[in-house]
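K.L.:
Got a predicted structure here, sequence first:
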Amino acid sequence: MLDTPSQAVEDVRLQSFSVTYEYPVVFTQDAFALGNRSLVDVLSRREHHKRHRCLICVDQGVLTSLPDLTSQIENYASAHAGSMELVAPLVPVAGGEICKNDPRTIPSLLELLSRHAIDRHSFMIAIGGGAVLDAVGYASAIFHRGVRHIRFPTTVLAQDDSGVGIKNAVNQFGLKNLIGSFAPPWAIINDSSFIDILPPREKRAGMAEAVKVALIRDGKFFNWLEAHADELARFSRPHLHHLINRTAELHMRQIRLGGDPFEMGSARPLDFGHWSAHKLEQLTRNGVNHGEAVAIGVALDARYSVLSGRLAAGGDERVVNLLERLGFVLWHDMLRHCDPRGRPLVLKGLADFQEHLGGELTVTLLAEIGRGVEVHEMDEKIVGQSINWLEQRK
Ligand SMILES: NC(=O)c1ccc[n+]([C@@H]2O[C@H](COP(=O)([O-])OP(=O)(O)OC[C@H]3O[C@@H](n4cnc5c(N)ncnc54)[C@H](O)[C@@H]3O)[C@@H](O)[C@H]2O)c1
Ligand SMILES: [Zn+2]
């Protein structure tokens with residue numbers, strides 16, 4: 001007979017394993033020119049000699065600007081019929097935040113994946129701005145618990161930041177990126193020819209992320225941005241391409257080497273200037289786009305860094321001068337809107353920012369140009385003074 005233990009036995013077996021993620025980020029031009037092998041090479045990177053089944057979703061904004069894209073892609077697929085097969089005609093997806101706000105987007109993408117029998121060895125390919133990539137990426141991540149997903153970012157912001165990362169999301173309950181996942185893609189193809197057709201406002205927006213990441217990671221790059229602000233403001237092709245490549249590399253390096261790719265901790269190390277930016281996007285109902293909001297958020301937190309004694313005086317001026325030379329407007333009247341108790345509405349962004357990750361509030365500020373520093377408290381009075389400063393400068 002077994003002895004009856006006098007108290008409950010606890011039997012803990014620790015499961016532990018690690019997985020290496022690997023995905024190529026290809027920088028190319030004219031990806032759908034017949035001789036460009038970027039796409040067929042990434043499709044075949046684990047399984048050669050196979051006809052890969054592909055479903056392709058395209059940002060409506062891209063299709064409108066590039067009406068020939070559909071036939072180009074069809075011709076490309078025919079020319080490479082040994083390696084790929086389009087399981088359906090190109091699927092247009094409404095571009096911009098609309099697709100992340102519309103509750104019908106994800107169910108309709110899932111229905112599409114199901115109808116075309118996309119399995120875990122076939123591919124969902126997204127061509128578009130950060131919003132379309134986020135929505136299609138999320139549907140791909142949850143369908144069959146994750147199907148292979150290839151991204152073609154088509155904006156400066158998506159090529160230098162959002163599109164080269166591993167996150168996706170859609171908006172829900174009025175909150176940005178409330179529902180989403182971490183899902184390393186199969187591959188990313190940054191095709192510079194998409195940037196050539198981008199409207200000026202969108203070209204500029206992505207530069208805010210370059211200023212942001214230079215400020216917290218790479219002082220030399222910040223100096224380069226200052227030295228070439230005029231060319232960048234004119235969207236000079238080689239300068240814009242250097243900006244995209246360097247910014248993408250800095251974002252990729254953080255994911256690769258930062259030690260917390262899936263953001264398990266409380267920090268969002270690259271989200272400098274973002275606590276107020278996300279709130280401004282929401283409060284203005286996307287009247288300011290992500291990049292424009294980031295420019296304001298970066299200016300605000302640069303001033304805060306000086307007023308709180310972290311960044312040497314004058315550093316804030318350098319930041320706002322650069323952003324203004326690039327063409328950003330560093331003010332929005334929404335910064336003045338207060339709740340009934342007279343508290344600026346944008347301050348609610350701090351709580352939202354903390355709530356997104358949980359844990360301790362962690363905000364990145366500047367210790368110097370090129371070096372960020374994490375803080376766990378924000379003084380609302382100093383935020384108010386920083387807002388006043390921006391308003392006086394306008
Ligand atoms: N997943 C992440 O890690 C992450 C990080 C940062 C930002 N984001 C998200 O990215 C989104 C912003 O993305 P965005 O700045 O790329 O803009 P966007 O996706 O909102 O697109 C802006 C507009 O440009 C159009 N467009 C896109 N490419 C075009 C092209 N080549 N030519 C002509 N028009 C084109 C779109 O149709 C849209 O109207 C936000 O939703 C933001 O939350 C995600
Ligand atoms: Zn951003």
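P.N.:
Perfect, thanks for sending it. Ligands and ions are numbered 1, 2, ... in the order given.
K.L.:
Please give the element, helix or strand, for Ala139.
P.N.:
helix 130-142 (DSSP states H and E).
K.L.:
From Val136, how far off is Val288?
P.N.:
Distance, Val288 to Val136, by CB to CB, to the nearest Å: 24 Å. In short, each C-beta sits where N, CA and C put it, glycine included.
K.L.:
okay, these two: which has more neighbours?
P.N.:
Regarding Val288 and Val136, a neighbour count based on other CB atoms under 10 Å identifies Val136 as having more, with 31 against 20.
K.L.:
low pLDDT regions in the stretch 1-150 of the chain?
P.N.:
1-7 (pLDDT under 70).
K.L.:
who in it is up against ligand 1?
P.N.:
Residues of the stretch 1-150 of the chain found near ligand 1 (CB under 6 Å from any ligand atom) are 59-62, 65, 95-97, 100, 128-132, 134.
K.L.:
Let me know the closest of these to Arg204.
P.N.:
Gly129 (13.8 Å; CB to CB).
K.L.:
so who does that closest one touch?
P.N.:
Contacts for Gly129 were tallied using CB atoms under 8 Å, 6 or more residues apart in numbering; they are 59, 61-62, 95-96, 153-155, 157-158, 202.
K.L.:
Going through the residues of the stretch 1-150 of the chain next to ligand 1, which ones are buried?
P.N.:
59-62, 65, 95-97, 100, 128-132, 134 (16 or more other CB atoms under 10 Å).
K.L.:
and of these, the nearest to Lys348?
P.N.:
The closest of those, once distances to Lys348 are taken by CB to CB, is Glu97, at 19.2 Å.
K.L.:
The closest one against Val170, yeah?
P.N.:
No - checked against CB atoms under 8 Å, the pair Glu97 and Val170 is beyond contact range at 9.8 Å.
K.L.:
Can you add secondary structure and give the contacts of Gly129 back as JSON lines?
P.N.:
Formatted as JSON lines, the contacts of Gly129 follow (DSSP: H, G, I helix; E, B strand; the rest coil):
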{"residue": "Asp59", "secondary structure": "strand"}
{"residue": "Gly61", "secondary structure": "helix"}
{"residue": "Val62", "secondary structure": "helix"}
{"residue": "Gly95", "secondary structure": "coil"}
{"residue": "Gly96", "secondary structure": "coil"}
{"residue": "Pro153", "secondary structure": "strand"}
{"residue": "Thr154", "secondary structure": "coil"}
{"residue": "Thr155", "secondary structure": "coil"}
{"residue": "Leu157", "secondary structure": "helix"}
{"residue": "Ala158", "secondary structure": "helix"}
{"residue": "Glu202", "secondary structure": "helix"}
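K.L.:
would CSV of those residues with distance to Phe194 be doable?
P.N.:
Converted to CSV, the contacts of Gly129 look like this (distance: CB to CB, whole Å):
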residue, distance to Phe194
Asp59, 9
Gly61, 11
Val62, 7
Gly95, 12
Gly96, 15
Pro153, 8
Thr154, 4
Thr155, 8
Leu157, 12
Ala158, 9
Glu202, 11
